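Trainee: My questions are about this predicted structure, shown below with the sequence.
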Amino acid sequence: MTERPRPDEYAEDFESYIQLVPEGDVLETLKQQIKETASLLNSLSEEDGEYRYAPNKWSLKEVIGHMADTEWIMNYRMLSIARGEMATLPGYDDEEYVKAAAFNAHSLTDLTQHYTSIRQATLSLLNTLSDEALKRRGAANNEEVTARALAFIIAGHELHHRNIIKERYLK
């Protein structure tokens with residue numbers, strides 16, 4: 001899937017994520033991200049997972065958990081829209097999700113495996129969607145979006161947070 005979504009296929013809030021996605025096949029980008037992100041996270045210690053770069057900021061474990069939660073939600077949206085769902089899908093409060101999840105009670109290894117398994121599910125879903133399904137429009141959080149745009153949002157969201165991990169957590 002090399003055709004990038006047009007700006008009318010997603011909310012303006014997602015523009016920065018989509019711009020992070022390199023040119024080329026987004027499926028290949030998603031596959032490469034599993035290797036790169038898992039390699040980065042597997043090089044870290046449990047102590048690293050507890051690190052917060054500032055007071056009231058998420059721990060590294062919470063960032064990984066947030067990435068996983070967001071990908072689950074975007075996958076649900078992509079599946080629903082690709083199948084023709086006409087109801088507006090709900091938004092979510094990522095801060096509340098992180099608070100409720102207790103990610104710090106899990107090992108960094110388990111969170112990394114959880115995240116990579118969700119990415120495998122993302123790839124599996126995308127491999128079943130036709131071009132027509134990827135172009136379908138729906139609404140999530142009261143904003144119009146296509147299934148195709150959600151694939152790019154997933155890739156860009158991961159890149160955004162990997163950059164934050166490198167810049168703020170791994171100085």
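Mentor: In hand now; what should we look at?

Trainee: So what's the residue count around Leu134?
Mentor: Residues lying near Leu134 (other CB atoms under 10 Å) number 20. The way it works is simple: take the backbone N, C-alpha and C, and place the C-beta from them, glycine included.

Trainee: show me where the chain has helices.
Mentor: 15-20, 26-42, 46-50, 60-82, 94-101, 108-128, 131-134, 147-164 (DSSP state H).

Trainee: Glu9 is nearest to which of the ones you listed?
Mentor: Counting by CB to CB, Glu9 lies closest to helix 147-164 out of the helices of the chain; the figure is 4.3 Å.

Trainee: That closest one - what's its average pLDDT?
Mentor: Taken as a whole, helix 147-164 has a mean pLDDT of 97.

Trainee: so that helix versus helix 108-128, what angle?
Mentor: On the basis of axes from the mean of the first three to the mean of the last three CA atoms, to 10 degrees, helix 147-164 is oriented at 160 degrees to helix 108-128.

Trainee: Helix 147-164 packs against which elements?
Mentor: Contacts of helix 147-164 with other secondary structure elements, assessed using 3 or more CB pairs under 8 Å, 6 or more residues apart in numbering; DSSP states H and E, are made with helix 15-20, helix 26-42, helix 60-82, helix 108-128, helix 131-134.

Trainee: Including distance to Ile153, could these go into TSV?
Mentor: Shown next, in TSV, are the helices and strands packed on helix 147-164 (distance: least, CB to CB, whole Å):
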stretch	distance to Ile153
helix 15-20	5
helix 26-42	10
helix 60-82	6
helix 108-128	11
helix 131-134	13
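
Trainee: between the ones you listed, which gets nearest to Glu95?
Mentor: By CB to CB (comparing all of the helices and strands packed on helix 147-164), the closest turns out to be helix 60-82, at 9.2 Å.

Trainee: Dump that closest one to PDB, restricted to CA.
Mentor: Taking Å, rounded to 0.1, in the frame of the first residue of the first chain, the C-alpha atoms of helix 60-82 are listed here in PDB:
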ATOM      1  CA  LEU A  60       8.800   4.100  29.600                       C
ATOM      2  CA  LYS A  61       6.600   1.100  30.400                       C
ATOM      3  CA  GLU A  62       3.600   3.300  30.300                       C
ATOM      4  CA  VAL A  63       4.700   4.700  26.900                       C
ATOM      5  CA  ILE A  64       4.900   1.200  25.500                       C
ATOM      6  CA  GLY A  65       1.500   0.300  27.000                       C
ATOM      7  CA  HIS A  66       0.000   3.500  25.500                       C
ATOM      8  CA  MET A  67       1.400   2.500  22.100                       C
ATOM      9  CA  ALA A  68      -0.200  -0.900  22.400                       C
ATOM     10  CA  ASP A  69      -3.500   0.400  23.500                       C
ATOM     11  CA  THR A  70      -3.600   3.000  20.700                       C
ATOM     12  CA  GLU A  71      -2.800   0.400  18.100                       C
ATOM     13  CA  TRP A  72      -5.600  -1.900  19.400                       C
ATOM     14  CA  ILE A  73      -8.000   1.000  19.100                       C
ATOM     15  CA  MET A  74      -6.800   2.100  15.700                       C
ATOM     16  CA  ASN A  75      -7.100  -1.500  14.500                       C
ATOM     17  CA  TYR A  76     -10.700  -1.700  15.800                       C
ATOM     18  CA  ARG A  77     -11.500   1.500  13.900                       C
ATOM     19  CA  MET A  78      -9.800   0.200  10.800                       C
ATOM     20  CA  LEU A  79     -11.700  -3.100  10.800                       C
ATOM     21  CA  SER A  80     -15.000  -1.300  11.600                       C
ATOM     22  CA  ILE A  81     -14.600   1.300   8.800                       C
ATOM     23  CA  ALA A  82     -13.300  -1.300   6.300                       C
END
